[in-house]
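Chemist: Take a look and give me a structure for this.
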Amino acid sequence: QGRALSSLATVYQSKSEFGRAIKLHEEAVSIAEQVRDPVTHAGSLSNLGNIWGTIGRFGKSLRFYEEALQIYKEIEDLEGQGRVSGNMGGIYCLFGDYRQALSLHQRLYEIAQQSQDKPAMARACGGLGNT
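Modeler: Predicted structure coming up:
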């Protein structure tokens, strides 16, 4: 049920119906916690970070990304770690914290290189170039 809610929330997110998307992702987080589904939990937290970043609430976005990153580390999901690291790197760059942004984009690059994920490597290079 948590995954279904998260998927539905992503549809609303793509339609820029952020209020509805936030509520559904929050419900998905709650259900994922109850049933101990860390993949859905981290994914929904990451999606909340995406939404808050899209609407310019970068501090709130980072808090959700940090929580998602911690879960991805606990479950050893390198792809999730890389994706969230890249997203966080972009926000730190906006804040002018280039050292932190650089570190996060380098982490994304390392993870992408390990898995030979060329699109992720390209995103990391773009983030590094912006930093």
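Chemist: could you pull out the helices for this structure?
Modeler: Per DSSP state H, the chain carries helices over the ranges 2-14, 18-35, 38-54, 58-74, 78-95, 98-115, 118-130.
Chemist: Could you export those helices as CSV, including mean pLDDT?
Modeler: Below are those laid out as CSV (pLDDT from 0 to 100):
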stretch, mean pLDDT
helix 2-14, 92
helix 18-35, 96
helix 38-54, 96
helix 58-74, 98
helix 78-95, 96
helix 98-115, 95
helix 118-130, 92
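Chemist: what about residue 76, how many residues close to it?
Modeler: 8 (other Cβ atoms under 10 Å). Every C-beta, even on glycine, is put in place using the N, C-alpha and C of the backbone.
Chemist: Let me see the contact set for it.
Modeler: Applying Cβ atoms under 8 Å, 6 or more residues apart in numbering to residue 76 gives no contacts.
Chemist: now it: how far from residue 42?
Modeler: Distance, residue 76 to residue 42, by Cβ to Cβ, to the nearest Å: 12 Å.
Chemist: could the helices of the chain go into TSV alongside mean neighbour count?
Modeler: As requested, those are exported to TSV (neighbours: other Cβ atoms under 10 Å):
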stretch	mean neighbour count
helix 2-14	17
helix 18-35	18
helix 38-54	22
helix 58-74	18
helix 78-95	21
helix 98-115	18
helix 118-130	15
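Chemist: So what touches stretch 81-90?
Modeler: So stretch 81-90 is contacted by 46, 49-50, 53, 61-62, 65-66, 68-69, 72-73, 100-105, 107-108, 111-112, 117, 120, 123-124, 127, 130-131 (Cβ under 8 Å, 6+ apart).
Chemist: Backbone dihedrals for residue 55, please?
Modeler: phi -90, psi 10 (degrees, to the nearest 10).
Chemist: If we ignore the residues flanking it in sequence, what's nearest residue 60?
Modeler: Distances taken as Cβ to Cβ, 6 or more residues apart in numbering put residue 52 closest to residue 60, at 4.4 Å, once the chain neighbours are dropped.
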